[in-house]
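Trainee: Need a 3D model of the sequence below.
(one chain, ligands or ions: 1)
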Amino acid sequence: MKIHLIALATIASCALHAQAQQAVEVSHWWTSGGEAAALSVLKGNLEKQGVKWNDMPVAGGGGEAAMTAVRARVTSGNPPTAAQMMGFDIQDWGKQGVLADLTELAAKEGWDKSVPKALQNFSKYNGKWVSAPVNVHSTNWVWANKEVLTKSGVTSEPKTWDEFITAAEKVQKAGFIALAHGGQPWQEATVFDGVVLATGGVDYYRKAFIERDPKALNSATTEKVFHRMSQLRKLVDKDFSGRDWNVAAGMVISGKAGFQIMGDWAKGEFINAKQVPGKDFLCFRIPGTQGMVSFNSDQFAMFKVGADKSAAQIKLASAIMEPGFQSAFNVVKGSAPARTDVPDTAFDACGKKAIKDLAEANAKNTLVGSIAHGHAAPASIKNAFYDVITRHFNGQIDDKKAVVELTAAAKN
Ligand code: BGC
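Mentor: Below you'll find the predicted structure:
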């Protein structure tokens, strides 16, 4: 009898142990202060459900380095549970047949009804849910230090491209860095998203960068885009090369610089530094892009895992899609929720604007996928674009040559 009791106790403790050991391993590139703060909301929610979080961070905005690390793991037959992924990358992985099918959970939780179609196009492969979208970011934003603008005599928000350049020149003349920028290809491409929209509008954006019509690409409008990129190049400091995006955001936060053009993950840094929108910093759409939104959605693509890991994977997917979580996470991350049924109550002024702009752009058909963040073209073309944009920004090719090279890159 005694032996039986001991055996039972051992089995019970093993079962408990096995439960306590439910775990997920998640790859992501959220390594800045604001990003880590947002991610910890998800980690915390899973830990409350007894799911251990094994972190697989791979630094590098835009996610190129993370994709390389994930590729190595998948190739060796040992994929992580999930990986932060964007746009066409999800489809590329779907094609390889390595992603899990979340359709049963999605049907149970009604994802089809709550997730905008523009995101579903990337979250589903062959009609099956393979990925859980956590947010909607957008790239056509300017972040500004209010005090620096006042000290520079910039009294109102610039509404047109020319007004923006004039304002930035005033900031530069007053002794500040006009444009905080990190010279990395994905950051230059992020700026490019907004300049394309401001210069040619959504129709040109779609024709040239989504349909990749050679005539639209090889045009006077594209040359003007590069001319404007050259204007911005004159507004950055001499040490911009290689700087991380969050360090650039830090320059605006600390009052060294006036502006940064960056996706709304930048807001995560301002919030993390306890800054308040409207009081310490301003957020506004890149002048000339009001009413338009170039979006990118971070999703967690789920890999096919063994039966021992799939219960934890489903908990992860469900936790990501939970409306309360989508609010709490995106308030910190700087993005809008990936569901249309999450109220904006908890969001600050910039977050409320992001949610409103997104809904309006969706209704007016002025919502376009980000070129820089993998929502306009597959990675091979995106990377070929990066290369041209960066070489131009660094003065290696002039505006005219950049137009020719960009048109050629689209054929990649
Ligand atoms: C992601 C953001 C992230 C940013 C910088 C973007 O590609 O969508 O979530 O904060 O990169 O790391």
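
Trainee: What distance do you get for the nearest residue to Ala65 once chain neighbours are set aside to Gly395?
Mentor: Residue nearest to Ala65 in three dimensions, not counting chain neighbours: Val58, with 5.0 Å by Cβ to Cβ, 6 or more residues apart in numbering. Every C-beta, even on glycine, is put in place using the N, C-alpha and C of the backbone. Applying Cβ to Cβ, to the nearest Å, one obtains 30 Å for the distance of Val58 from Gly395.

Trainee: between the two, which one's more packed in?
Mentor: More neighbours surround Val58 than the other of Val58 and Gly395, with 19 against 9 (other Cβ atoms under 10 Å).

Trainee: what's the distance between the more buried one and the ligand?
Mentor: Remark: distance between Val58 and the ligand (Cβ to the nearest ligand atom, to the nearest Å) = 11 Å.

Trainee: Who are the contact partners of that residue?
Mentor: Val58 sits next to 27-29, 65-66, 68-69 when contact means Cβ atoms under 8 Å, 6 or more residues apart in numbering.

Trainee: quick one: pLDDT of the residue in the stretch 251-400 of the chain that the ligand sits nearest to?
Mentor: Across the stretch 251-400 of the chain, no residue is closer to the ligand than Trp265, which sits at 3.2 Å (Cβ to the nearest ligand atom). Taken from the predicted model, the pLDDT recorded for Trp265 is 98.

Trainee: What's the local residue count around the residue nearest to it when sequence neighbours are not counted?
Mentor: With Cβ to Cβ, 6+ apart as the criterion, Trp265 has its nearest non-adjacent residue at 5.1 Å, and that residue is Gly334. As a burial measure, the neighbour count of Gly334 was computed by other Cβ under 10 Å and equals 31.

Trainee: same thing with the one 4 residues further on?
Mentor: Burial of Ala338 is recorded as 26 neighbouring residues (other Cβ under 10 Å).

Trainee: Quick check: it is in a helix.
Mentor: No - according to DSSP: H, G, I helix; E, B strand; the rest coil, Ala338 belongs to no helix; its state is coil.

Trainee: thought it was touching Val134?
Mentor: Yes - assessed by Cβ atoms under 8 Å, Ala338 is found in contact with Val134 at 5.9 Å.

Trainee: Mind listing the shared neighbours of the two?
Mentor: Any residue near both Ala338 and Val134 by Cβ under 8 Å, 6+ apart counts here, and that gives 297, 299, 326.

Trainee: ok so, going back, check what pLDDT the residue nearest to Trp265 gets.
Mentor: On the pLDDT scale, Gly334 is placed at 98.

Trainee: give the contact list for it.
Mentor: Under the criterion of Cβ under 8 Å, 6+ apart, the contact list for Gly334 reads 34, 137, 264-268, 271, 350-351, 354.

Trainee: Pull the contacting residues for the residue of the stretch 251-400 of the chain closest to the ligand.
Mentor: Listed by Cβ under 8 Å, 6+ apart, the contact set of Trp265 reads 32, 34-35, 137, 245, 333-335.
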